[in-house]
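J.: have a look at this prediction, sequence included:
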Amino acid sequence: MRYKFTAAVFMVIIFALGVVTISQLPALQTVYKENLPEAASLFDKIKTVIATADSGVNDILLEDKRFIEINGGFQRLIGRQIIEDAEERYRVIKMNNDQLTFVNVPFNEETKQIAQQSAQNLIDFEAFLEQKKIPFLYVEAPTKVDPYDPQLPAGLVDYTAQNSEIIRHIWQKAGIDMMVLNDEMHADGLDHQSLFFNTDHHWTPQGAFWAFGQLCQRLNDQYGFNIDMAITNLDQYQIETYKDYFLGSQGKRVGRLYSGLDDIDMITPKFSTDLTFELPWHGITKEGAFKETVMDYSHISERDLYEKNPYAAYTGGDFPINIIKNHNVEGKKVLLIRDSFGCAFVPFFSLAVEQLDILDLRYYTLSAKDYVEMTSPDMVIVMYNPGAYYNADMFEFDRQLGSNQ
């Protein structure tokens, strides 16, 4: 009875939205009249309203996202923790701690083969670097679902940690050096939840800053770096908080009535900085302090929950390649191959090395091996979250595709 009642109420909502949509888009009024059968019954009219509105509903959603908000508000009202999606991997789960997440299913034969080939590609890349005597470290960014305390609704399992263990086991046997940040968080006794946004799959700037400190310590201890660890002390930074300013990727799918909103912090150094930030494929060069180079405040210039992405204020978003030179440091030249978790991480890490070259293989269409040949970095780091194991493109280090346009 509960599901029948829910379905009935939802159909009323859809019908009402259809009426509103047609009334606001005059072109649809003509379509409605043309599609309405002669001597139409009430049921015919309802079907025609819904079908007509469907053809134009995206136009109105671009304006104010009313359907998403109405649906999300209704789902919250009835206490639903799983919001289904046409693609299972994009269904939104409200965890018991009220954070939203996606969950992954176990590898099937196809995805397991993709992941195993990706793992082998990384092994081959590390062997290539070893021949050139270039140290290599793989950093696995943390998952939003804490493997030590999942906080998922009863009966629901996220297989991300189990899937990543399969891949890491292959790398361990091959002798790949790894940092698994889920394990580092647990060992540090950190509040896992506090390092992730409620409405987005990414870590917060504080989470990225913590990882920055962990990596710097590892590089000093095991790779002969001489990073001044004072720059990893958060007391040396100014924090500007934008309250209720961010609706993340998961929140956008269900609306703020369901998810709530996130604060986001802009963390910038109090100490003097002098950087050059280059986007070679875009012909862009910025010089100056941290705020003027590795930060892009256009992403937070106004509060626009659906069209702006405040997380991208760090680094400016995702690019095929960018290069950051730190004129206050004499040290190592590092190549970082990263995914979107790198957005918030890169600005902080650029303070630790003399030059940081960054590739994103989702967009960089040339060979990472060729890039190493051309630039001769002192070290190579790959930092991915476990979601990358489903994307073979991110582990194609030797492709000969595309162009540098």
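T.: Arrived safely. Numbering: from 1, shown residues only.
J.: give me the distance between the two termini of stretch 196-207.
T.: Using CA to CA, to the nearest Å, the end-to-end distance of stretch 196-207 comes to 7 Å.
J.: mind starting the numbering at 38 from now?
T.: Noted, 38 is the first residue going forward, which turns the last one into stretch 233-244.
J.: go ahead and name everything in contact with that stretch.
T.: The contact list for stretch 233-244 (CB atoms under 8 Å, 6 or more residues apart in numbering) reads 135-139, 178-179, 181, 231-232, 248, 271, 283-289, 293, 296-299, 301-304, 348, 351, 377-378, 380-381. Every residue, glycine included, has its C-beta placed from N, CA and C.
J.: and it, how far from the chain's centre?
T.: 9 Å (CA atoms, centre = their mean, to the nearest Å).
J.: what does stretch 359-367 give?
T.: 25 Å.
J.: quick revisit: which ones among the contacts of stretch 233-244 map onto strands?
T.: Judged by DSSP state E, these include 137-138, 283, 299, 301-304 as members of strands.
J.: ranking those by neighbours, who comes first?
T.: For the ones in strands among the contacts of stretch 233-244, the largest number of neighbours (other CB atoms under 10 Å) sits with Leu137, at 26 neighbours.
J.: from Gln254, how far out is that residue?
T.: Distance check for Leu137 against Gln254: by CB to CB, to the nearest Å, it reads 32 Å.
J.: out of the ones in strands among the contacts of stretch 233-244, which comes closest to Asp435?
T.: When the ones in strands among the contacts of stretch 233-244 are compared for distance to Asp435 (CB to CB), Thr138 wins out at 33.8 Å.
J.: quick one: contacts for the closest one?
T.: With the criterion set at CB under 8 Å, 6+ apart, Thr138 makes contact with 129-130, 132, 181-182, 195, 238, 287.
J.: and the residues you listed as TSV, adding distance to Ser309, neighbour count and pLDDT?
T.: Listed next are the contacts of Thr138 as TSV, based on distance: CB to CB, whole Å; neighbours: other CB atoms under 10 Å; pLDDT from 0 to 100:
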residue	distance to Ser309	neighbour count	pLDDT
Val129	43	24	95
Ile130	44	20	95
Met132	42	21	96
Lys181	35	26	95
Val182	40	25	95
Asp195	44	22	93
His238	35	18	95
Gln287	38	24	95
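J.: which of these fall within helices?
T.: Those of the contacts of Thr138 mapping onto helices are Gln287, per DSSP state H.
J.: residue contacts, Asp355?
T.: So Asp355 contacts 349, 377, 380, 397, 399-400 (CB under 8 Å, 6+ apart).
J.: return the member of the contacts of Thr138 nearest to Ala152.
T.: When these are compared against Ala152 (criterion: CB to CB), the nearest one is Asp195, at 16.0 Å.
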